[in-house]
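Enquirer: Sharing a model that was predicted from the sequence below.
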Amino acid sequence: MFRRTKQETAPVDQPLKEGGKGRPTPSRKEAEAAAKARNKPPRTRKEMTAAQRARANEDRNRARQGMRNGEERYLLPRDRGPQRRFIRDFVDARFSFIELIIPLLVITMILGYSGQPSLARFGNALLFGSILLVAFDMVMLRLRLRRQLAARFPDEPVKGTTYYAVTRAMQMKFMRLPKAQVKIGQELPETYR
């Protein structure tokens, strides 16, 4: 009555090979049937829009993952090029006080709403001091970055590099896109071309 396929007759307890793909290689007949099914044109408009939507989602996910990983072809125009890659690595390799600003803001809010004026004044002083520290850090970032850019990219214009570096440094490290490729304190390569 019913015909059994190869998959139904295969033993279930087969150990998976280490590093294998986890499934048997399809026969030529099965592979051709799968390719034919993939290439079959949609019969209705509904199927066509569903297929287009699925393709667009797949492309978007691939581009998003490529951007996270720093693949050059998926990056936005502002992020492309060896100079911008160096700036990203330069910012990511240094500790920035901006990463402490969010916890300090939370502490300041708690102290401000505590109801005690002395704690509120301390919170305000803490917030003002951290803002000054961040501003000093950004000035030092600019000076060091300009020196490094002049040494590594002598022929390239430096217009917009400070803004790019400061906006990247203002983000917390885990929120940066493309993701950080270097660790804090890591030595940067000499060439980025």
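Expert: Structure received.
Enquirer: chain center to the longest helix anywhere in the chain, what's the gap?
Expert: Ranked by number of residues, the top helix in the chain under DSSP state H is helix 117-152. Its chain's C-alpha centre and that of helix 117-152 lie 25 Å apart, by C-alpha atoms, centre = their mean, to the nearest Å.
Enquirer: tell me what that helix is packed against?
Expert: In terms of contacts (3 or more C-beta pairs under 8 Å, 6 or more residues apart in numbering; DSSP states H and E), helix 117-152 is packed against helix 82-92, helix 101-112, helix 161-169. The way it works is simple: take the backbone N, C-alpha and C, and place the C-beta from them, glycine included.
Enquirer: Can you say which of those helices is packed in most?
Expert: Comparing the helices and strands packed on helix 117-152 by mean neighbour count (mean count of other C-beta atoms under 10 Å), helix 82-92 comes out on top with a mean of 20.
Enquirer: avg pLDDT for that one?
Expert: Averaged over helix 82-92, pLDDT sits at 94.
Enquirer: and it, what does it pack onto?
Expert: With contacts taken as 3+ C-beta pairs under 8 Å, 6+ apart, helix 82-92 sits against helix 117-152, helix 161-169.
Enquirer: Now do the longest helix of the chain and helix 161-169, the angle between them.
Expert: Here the directions of helix 117-152 and helix 161-169 differ by 130 degrees (axes from the mean of the first three to the mean of the last three C-alpha atoms, to 10 degrees).
Enquirer: Phi first, then psi, for T191.
Expert: Phi and psi for T191, reported as degrees, to the nearest 10, are phi -120, psi 150.
Enquirer: Next, count neighbours for the closest residue to it other than its chain neighbours.
Expert: Excluding the flanking residues, the one nearest T191 by C-beta to C-beta, 6 or more residues apart in numbering is R152, at 7.8 Å. By other C-beta atoms under 10 Å, the residues close to R152 number 18.
Enquirer: That's all I had, so thanks and see you.
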